[in-house]
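Colleague: Sequence and predicted structure, then a few things I'm wondering about:
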Amino acid sequence: MGQKSILLIVAGLILFLYALNHLSDGLKEVAGERMKVILKKFTGNLFTATLTGIIVTVLLDSSSAVIIMTIALVNAGVMQFRQSMGIVMGANIGTTFSSQIIALNIGEYAALPIGLGFLMMVLPKQLYWRQVGKVIFSFGLIFFGLFTIEEAVTPLKENQAFVGWLSTLQFPVKGLLTGAFVTLLIQSSSATMGMVIGLSSQGLINLAGAIAVMLGAELGTCADTLVATIGRTRPAVRTGVFHLGFNLVTILLGVLMMPWFTSLVEAISGGMSLSRAIANAHMLFNFLGVLVLIPFTGLMEKAINRIIPDKKTADTAFA
């Protein structure tokens with residue numbers, strides 16, 4: 001792997017992560033307080049909580065931000081643990097919309113939103129429009145970062161060692177561990193999926209390998225939400241543990257049914273590009289995971305309540 005390719009990949013990744021953080025921050029500045037109100041108001045039952053989790057995650061473009069916000073609300077006592085379970089499941093579905101957008105592969109036109117966003121950041125006097133400009137600017141920068149990565153990996157098609165290593169990612173365990181490690185390292189499952197989609201556009205990774213890495217990204221993304229539970233109340237900790245448990249169960253099912261799931265994605269995607277098929281796999285996996293496990297949320301709630309009991313109950317048990 002040439003030094004130039006490595007530097008361009010690193011630069012593209014930094015641009016992507018920077019833009020992703022600023023996009024999330026900008027969206028929270030524009031609608032953050034309203035999102036908190038929506039989270040509290042529209043979570044009366046598991047269905048509405050799941051739907052709310054989907055919508056808010058799509059709007060904020062960050063499942064981690066939504067789940068961490070939910071943990072904070074549960075910690076403050078304004079939301080119950082059961083309500084948070086729906087939001088966590090909805091956030092898992094909502095985050096897949098970013099993969100669909102990334103798969104549009106419009107990096108060469110990134111200068112348009114970057115230019116428009118920059119003008120809106122510096123010209124209007126109203127703070128609101130400057131914040132909207134920040135969102136548009138960050139959105140364009142995300143695509144430019146991905147475009148940089150795609151251009152950087154093009155010469156790697158000739159590197160047999162690199163191509164050979166990528167071909168081994170189709171083995172579920174290796175792909176899963178790689179996806180988890182990369183996501184833990186860069187703290188963004190969206191960035192991991194963005195890189196996978198970028199590699200696929202250059203023909204460097206197949207669908208099975210991309211799905212295996214995606215499963216690992218689902219595991220790696222639990223790290224920051226678990227960290228957010230440190231020092232929180234027992235119900236808040238349960239929310240973080242549910243996120244981990246839910247993802248572990250769906251990942252295990254995904255590994256066991258990998259051949260069937262890959263065939264299903266291929267059938268659904270038809271003649272679509274590999275990038276689009278990977279985005280479809282991401283969305284389908286999380287949707288099916290919620291569909292399969294939502295009938296068992298009551299059992300999961302009881303199990304987690306027993307593992308992490310209220311403090312008074314725990315103190316009595318050890319008395």
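Modeller: The structure has been received and is ready for your questions.

Colleague: Wait, Leu116 touches Lys134, no?
Modeller: No: Leu116 lies out of contact with Lys134 (C-beta atoms under 8 Å); the separation is 11.6 Å. For the C-beta atoms, the positions are set from N, CA and C on the backbone; glycine is no exception.

Colleague: hang on, Gly53 packs against Ala91?
Modeller: Yes: assessed by C-beta under 8 Å, Gly53 is found in contact with Ala91 at 4.6 Å.

Colleague: any common contacting residues for the two?
Modeller: Overlap of the contact sets of Gly53 and Ala91 (by C-beta atoms under 8 Å, 6 or more residues apart in numbering) consists of 66, 70.

Colleague: Against Gly44, how distant is the closest residue to Gly216 other than its chain neighbours?
Modeller: Distance criterion C-beta to C-beta, 6 or more residues apart in numbering; nearest residue to Gly216, sequence neighbours excluded, is Gly179 at 2.3 Å. Counting by C-beta to C-beta, to the nearest Å, the separation of Gly179 from Gly44 is 35 Å.

Colleague: wait, what's in contact with Glu137?
Modeller: Check again: residue 137 is Phe, not Glu. Counting by C-beta under 8 Å, 6+ apart, Phe137 touches 22, 113-114, 116-118, 120-121.

Colleague: in the helix or strand hosting Ile251, what counts as buried?
Modeller: According to DSSP states H and E, Ile251 maps onto helix 234-256. Buried residues in helix 234-256, counting neighbours by 16 or more other C-beta atoms under 10 Å, are found at 234-247, 250-251, 253-255.

Colleague: ok, now which ones touch Tyr18?
Modeller: Residues in contact with Tyr18 (C-beta under 8 Å, 6+ apart) are 141, 145.

Colleague: same check, this time on Val241
Modeller: By C-beta under 8 Å, 6+ apart, the neighbours of Val241 are 226, 229, 304, 307-308.

Colleague: closest to Trp165 among the residues you listed?
Modeller: Leu226 (29.6 Å; C-beta to C-beta).

Colleague: Flag the shaky bits of the stretch 51-200 of the chain, pLDDT-wise.
Modeller: 107, 156-159, 162 (pLDDT under 70).

Colleague: Do a quick rundown of the strands in it.
Modeller: For the stretch 51-200 of the chain, no strands are identified by DSSP state E, counting those that start in this stretch.

Colleague: Counting neighbours, go ahead and name the busier of Leu116 and Lys134.
Modeller: Each of Leu116 and Lys134 has its neighbours counted (other C-beta atoms under 10 Å); Lys134 has more, 21 against 15.

Colleague: tally of neighbours for Ser263?
Modeller: 12.

Colleague: To clarify, my last question referred to Glu150.
Modeller: Residues lying near Glu150 (other C-beta under 10 Å) number 24.

Colleague: my guess is it meets Ser201, correct?
Modeller: Yes: in this structure, Glu150 is within contact of Ser201 by C-beta under 8 Å, at 5.7 Å.

Colleague: and Phe144, how far is that from Ala11?
Modeller: Computed as C-beta to C-beta, the Phe144 to Ala11 distance reads 10 Å.

Colleague: one step back: by neighbour count, which of the contacts of Val241 wins?
Modeller: Busiest of the contacts of Val241 [other C-beta under 10 Å] is Thr229, holding 22 neighbours.

Colleague: Quick one, grab the pLDDT at Thr239.
Modeller: Predicted confidence (pLDDT) at Thr239: the value is 93.

Colleague: Could you find the closest non-adjacent residue to it?
Modeller: Ser84 (4.3 Å).

Colleague: re earlier: which of Phe144 and Ala11 has more neighbours?
Modeller: For Phe144 and Ala11, the more surrounded residue by other C-beta under 10 Å is Phe144, and the numbers stand at 20 against 14.
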